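Participant: pasting the structure only:
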């Protein structure tokens, strides 16, 4: 696999953040796409790219969407690299920066990004 960035990002809905911070990211997954795999956390190298996915989700309710989106910053040095791979839903070239994490990312490794960070 290509080199892994020091930081990856995951965007989700504000409605889910309390559960994520209690149980970890991926512990209680709610799919946003028909092709979402169970027990997989999707990550991006760019926060804007991460945010674009929940903005255009296929199966989220308007009530959840209207509560807003939050971006989580994840330090990759704390991840189990054996659980990290390229996102199999995306066609790849050497510049692809989409990943799948097959496991739970502990809340201690999640940092909520604020608008100005």
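Facilitator: Great, that's in hand. Since we're looking at a predicted model, the values are computed, not measured.
Participant: Kindly list the longest helix within this structure.
Facilitator: helix 47-55 (DSSP state H).
Participant: Next secondary structure after that helix?
Facilitator: For helix 47-55, the following helix or strand on the C-terminal side (DSSP states H and E) is helix 62-65.
Participant: who's in contact with that next one?
Facilitator: By C-beta atoms under 8 Å, 6 or more residues apart in numbering, the surrounding residues in contact with helix 62-65 are 13, 15-16, 54, 57. Using the backbone N, CA and C atoms, a C-beta is placed for each residue, glycine as well.
Participant: Sort out which one of these lies nearest residue 102 for me.
Facilitator: residue 16 (19.4 Å; C-beta to C-beta).
Participant: nearest spatial neighbour of residue 106, skipping sequence neighbours?
Facilitator: On the basis of C-beta to C-beta, 6 or more residues apart in numbering, the spatially nearest residue to residue 106 that is not a chain neighbour turns out to be residue 24, at 4.9 Å.
Participant: and that neighbour, how far is that from residue 45?
Facilitator: From residue 24 across to residue 45, the span is 21 Å (C-beta to C-beta, to the nearest Å).
Participant: next one: residue 100
Facilitator: 13 Å.
Participant: Give me the distance between residue 9 and residue 52.
Facilitator: If you go by C-beta to C-beta, the gap between residue 9 and residue 52 works out to 11 Å.
Participant: Which one of the two is surrounded by more residues?
Facilitator: For residue 9 versus residue 52, neighbours defined as other C-beta atoms under 10 Å are more numerous around residue 9 (21 against 13).
Participant: and that one, that's in a strand?
Facilitator: Yes: under DSSP: H, G, I helix; E, B strand; the rest coil, residue 9 sits within a strand.
Participant: Surely it touches residue 47?
Facilitator: Yes: distance between residue 9 and residue 47: 4.5 Å, which falls inside the contact criterion (C-beta atoms under 8 Å).
Participant: Find residues that contact each of these two.
Facilitator: Each of 71, 73, 113 lies in contact with both residue 9 and residue 47 under the rule C-beta under 8 Å, 6+ apart.
Participant: I'd guess the first one is in a helix, am I close?
Facilitator: No: membership of residue 71 in a helix is not supported by three-state DSSP, which gives strand.
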